[in-house]
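[1] Next input, structure requested:
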Amino acid sequence: MIGDAADANLWSMSVVPRREELEALVKHYHHLESEHQRAHPHGSARHHLELRMREIRARFEHVLVEYVPDERLQRAWREFLDHRGSEPSGPPAIRPMVFKGRSEAGSVVEARRDRSGELAVEVDGRLLERLPAGVTPIAQGHPAVLRLDGAEFLEVFDTKPGALQALRDFRASGGAPPWEQASALLADGLIDLDFGLTARGRRALDKTRRV
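    Next up is the predicted model:
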């Protein structure tokens, strides 16, 4: 099995979505690769696609070497990128953030989606309850609110303004995704692997638009 328990334990201590970032880069690279194969051999579009593919590969290598210490995993990820082989076993996936909020008393709630689809709701780091897949008890508003055991938690975001602006610019222009901001945006639950906005991401951009 690729990787070992020590690496898994080390990675599981961090909420940084390195796997998600690598998956997003691979997915985008494969999309560009398919477009490149269809492009005219001597056209400008093909040259532009080659430049974008080199940029994606450079970012991929940076993330891989910097944050995935196991050389076996590095080889597996390169195989996945180049030959669309089996998806590597590590690093582990994060639980996507669906909601994060703070109460008047200063308590912090985090609602994250488990692989089973259940929503795990934690208050100050303690698991309070699990809700079935499809249930999201968030009252939409400005800000959105999650009510739990008589307390109200107003939604907060961890993403820095620069990353939010990069996301807004990308959504407006349709250009290259802001890969340098991908980790922060994924960790805060604002985008999916296609750089599409999640419901939380739409609320974050709507909030900054109102400020």
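[2] And the helices in this structure?
    With DSSP state H as the criterion, the chain has helices at 5-12, 18-38, 44-67, 71-83, 161-173, 182-187, 199-210.
[3] Now do the second one: which elements does it pack against?
    Yep, that's helix 18-38 we're talking about. helix 44-67, helix 71-83, helix 182-187 (3 or more Cβ pairs under 8 Å, 6 or more residues apart in numbering; DSSP states H and E). Every C-beta, even on glycine, is put in place using the N, C-alpha and C of the backbone.
[4] Switch those helices over to JSON lines; also include mean pLDDT.
    Formatted as JSON lines, those follow (pLDDT from 0 to 100):
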{"stretch": "helix 44-67", "mean pLDDT": "95"}
{"stretch": "helix 71-83", "mean pLDDT": "96"}
{"stretch": "helix 182-187", "mean pLDDT": "95"}
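[5] burial measure for the spatially closest residue to residue 139 that is not a sequence neighbour, as a count.
    Among residues not flanking residue 139 along the chain, residue 145 sits closest, at 4.5 Å (Cβ to Cβ, 6 or more residues apart in numbering). Using other Cβ atoms under 10 Å, residue 145 has 17 neighbouring residues.
[6] My understanding was that residue 145 contacts residue 137; is that so?
    No - under the criterion of Cβ atoms under 8 Å, residue 145 is not in contact with residue 137, lying 9.7 Å apart.
[7] So which residue is dead centre in the protein?
    residue 186 (2.3 Å; Cα atoms, centre = their mean).
[8] and the residue nearest to residue 139, what are its bridge partners?
    Beta-bridge pairing for residue 145 (DSSP bridges): residue 139, residue 154.
[9] Can we start the residue count at 33 from this point?
    Done: numbering now begins at 33, and the last item shifts to residue 177.
[10] quick one on the thing from earlier: quick one: which of the helices of the chain is nearest residue 165?
    The closest of the helices of the chain to residue 165 is helix 231-242. By Cβ to Cβ, the value is 14.9 Å.
[11] how far is that closest one from where the chain is centred?
    Chain-centre distance of helix 231-242: 16 Å, with Cα atoms, centre = their mean, to the nearest Å.
[12] what does it contact?
    Contacts to helix 231-242, defined as Cβ atoms under 8 Å, 6 or more residues apart in numbering, come from residues 129-131, 168, 172, 174-176, 187, 189, 191, 193, 196, 199-200, 203, 217, 220-223, 229.
[13] let's see 7 Å
    Contacting residues not belonging to helix 231-242 are listed as 129-131, 174-176, 187, 189, 191, 196, 199-200, 221-223 [Cβ atoms under 7 Å, 6 or more residues apart in numbering].
[14] And it, what's buried?
    For helix 231-242, the buried set under the neighbour-count rule, 16 or more other Cβ atoms under 10 Å, comprises 232-233, 235-237, 239.
[15] what's the residue in the chain sticking out farthest from the centre sitting at in phi/psi?
    Largest separation from the mean C-alpha position in the chain: residue 74, at 35.7 Å (Cα atoms, centre = their mean). The phi and psi values for residue 74, taken as degrees, to the nearest 10, are phi -120, psi 20.
[16] Many thanks, have a good one.
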